[in-house]
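Asks: got a sequence here, can you build the structure:
(chains A and B)
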Amino acid sequence: MSQIRAMMMQYMPMMVTCEEADQFLDDYLAGELPRKQQLVFEWHIRLCTGCKDYLERYRRSITLCQKNFHGENGDGSEEIPEQIIKGIVAAKRAAGK
Amino acid sequence: MASNPVNTTQSHAETDVTEAELVQGILAGDESAFEILVRNHGGRMLAVARRITGNEADAHDCLQEALLKCFTSMAQFQGRSSLDTWLHRVTANTALMRLRSRNRTREDSLDDLLPAFDPQGMRIEEAPLSEAKEVENLYEQGQTQAAIRAAIDRLPNEYRAIVIARDIEQLSTSETAELLDISKPLVKTRLHRARAALKRLLDPIVESNAI
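Replies: Numbers count the residues shown, from 1 in each chain, chains lettered A, B, ... in the order given. Below you'll find the model as predicted:
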């Protein structure tokens, strides 16, 4: 069965292999894929559960990074050591800026 | 403020000036305004620099560089965003440029994290990854942010820089290419590889996290 599917995706018109579809991923998510390629990609995703699952996880991992890298409440403040403040102020004076 | 500089020996609370006063003071070249900028905003900027560089010494250098840039280029701050947003942008860009200048790592160090395909180009199912265990452990301890940062820290510098610029700081492909001094196609290629590697590292979290 998987052999038949592989042959279909390799040789039938409007079909691409998983490896080829993988190259469309970022442009698809950015909404920048030309119309024809978008149709080809979406057709592949309909037929291939592996790629459908991969796309969903790929998208969710990007969201996870966006939400958590800086934290949901912005940059998060912290006390800056007095020594660092003095060092930076002194460096600025020394630079004569 | 320029005609009445703030006494820098005053307590932290007394450096409580409005954003407009601070900007005016810096534009006038007031030395005390610079110190207030450092005291009031330095902590947040340091946190941003630390997260992006992943390195304490680099973060300190970055903070100093970013603050000096802010002081000398305050005229570019036009008030369209908040001062905090502008300071974040300057700090993030400075930190990303520092990542760029670090030693390059071997590109193939990502290969074991990328998807695999059979000779017909069909996707091969991914096996659980031992490297994802650290990330999963942090997540299970309730440390989601630390888990995400650990996954991003695992990426070689040139990929870290791209994923932070594009996905976290939301720079465009062109802005990222200019900032990191690489071509736009290279930004796209590296972003794809970085995202694929992160997806693999974050799979255990993604699986148990409804986003």
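Asks: show me where the chain has its helices.
Replies: No chain in the question, so chain A it is. For chain A, applying DSSP state H gives helices covering A:2-11, A:18-22, A:25-29, A:35-47, A:49-68, A:82-95.
Asks: right idea, wrong chain: chain B
Replies: With DSSP H, the ranges of helices along chain B come out as B:19-27, B:31-53, B:56-72, B:83-101, B:132-140, B:144-154, B:157-163, B:173-180, B:184-208.
Asks: ok, which of these comes nearest residue A:94?
Replies: helix B:56-72 (11.0 Å; CB to CB). (Glycine included, C-beta is placed from N, CA and C.)
Asks: buried ones in that closest one, by neighbour count?
Replies: Residues of helix B:56-72 classed as buried: B:58-71 (neighbour count, 16 or more other CB atoms under 10 Å in any protein chain shown).
Asks: cool, and stretch B:143-159?
Replies: Within stretch B:143-159, the residues that count as buried by 16+ other CB under 10 Å are B:144-152, B:154-159.
Asks: closest one to residue B:174 out of the buried residues of helix B:56-72, please.
Replies: Residue B:174 has its nearest neighbour among the buried residues of helix B:56-72 in residue B:69, at 21.1 Å by CB to CB.
Asks: so the closest one versus chain A, what's the distance?
Replies: Relative to chain A, residue B:69 is positioned 10 Å away (CB to the nearest CB, to the nearest Å).
Asks: what residue in chain A comes nearest to chain B?
Replies: The minimum distance from chain A to chain B, using CB to the nearest CB, falls at residue A:17 (2.9 Å).
Asks: can you pull the pLDDT of that residue?
Replies: Listed pLDDT for residue A:17 reads 94.
Asks: residue contacts, residue B:206?
Replies: Residues in contact with residue B:206 (CB atoms under 8 Å, 6 or more residues apart in numbering or on different chains) are A:57, A:60, A:61, A:64, B:199.
Asks: cutoff 7 Å now
Replies: Residues in contact with residue B:206 (CB atoms under 7 Å, 6 or more residues apart in numbering or on different chains) are A:57, A:60, A:61, A:64.
Asks: now, which of the residues you listed sits nearest residue B:194?
Replies: Ranked by distance to residue B:194 (CB to CB), those are led by residue A:61 at 10.8 Å.
Asks: hang on, the earlier thing: just the buried residues of the contacts of residue B:206.
Replies: Using 16+ other CB under 10 Å as the burial test, these include A:57, A:60, A:61, A:64 as buried.
Asks: follow-up on the earlier one: flag the least confident of the buried residues of helix B:56-72.
Replies: Comparing the buried residues of helix B:56-72 by pLDDT, residue B:71 comes last, at 87.
Asks: the closest residue to that one other than its chain neighbours: neighbour count?
Replies: Once flanking residues are discounted, residue B:71 sits nearest to residue B:34: 5.4 Å by CB to CB, 6 or more residues apart in numbering or on different chains. Burial of residue B:34 is recorded as 24 neighbouring residues (other CB atoms under 10 Å in any protein chain shown).
Asks: now for residue B:34: which residues touch it?
Replies: With contact set as CB under 7 Å, 6+ apart, residue B:34 has these partners: A:89, A:92, B:26, B:71.
Asks: take those and, keeping just the buried ones, write it as a PyMOL select command.
Replies: Buried residues among the contacts of residue B:34 (16+ other CB under 10 Å), as a PyMOL selection:
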select buried, (chain A and resi 89+92) or (chain B and resi 26+71)
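Asks: in stretch B:173-182, what counts as buried?
Replies: In stretch B:173-182, counting by 16+ other CB under 10 Å, buried: B:173, B:176, B:177, B:179, B:180, B:182.
Asks: for stretch A:42-60, what is the average pLDDT?
Replies: Rounded mean pLDDT across stretch A:42-60 is 95.
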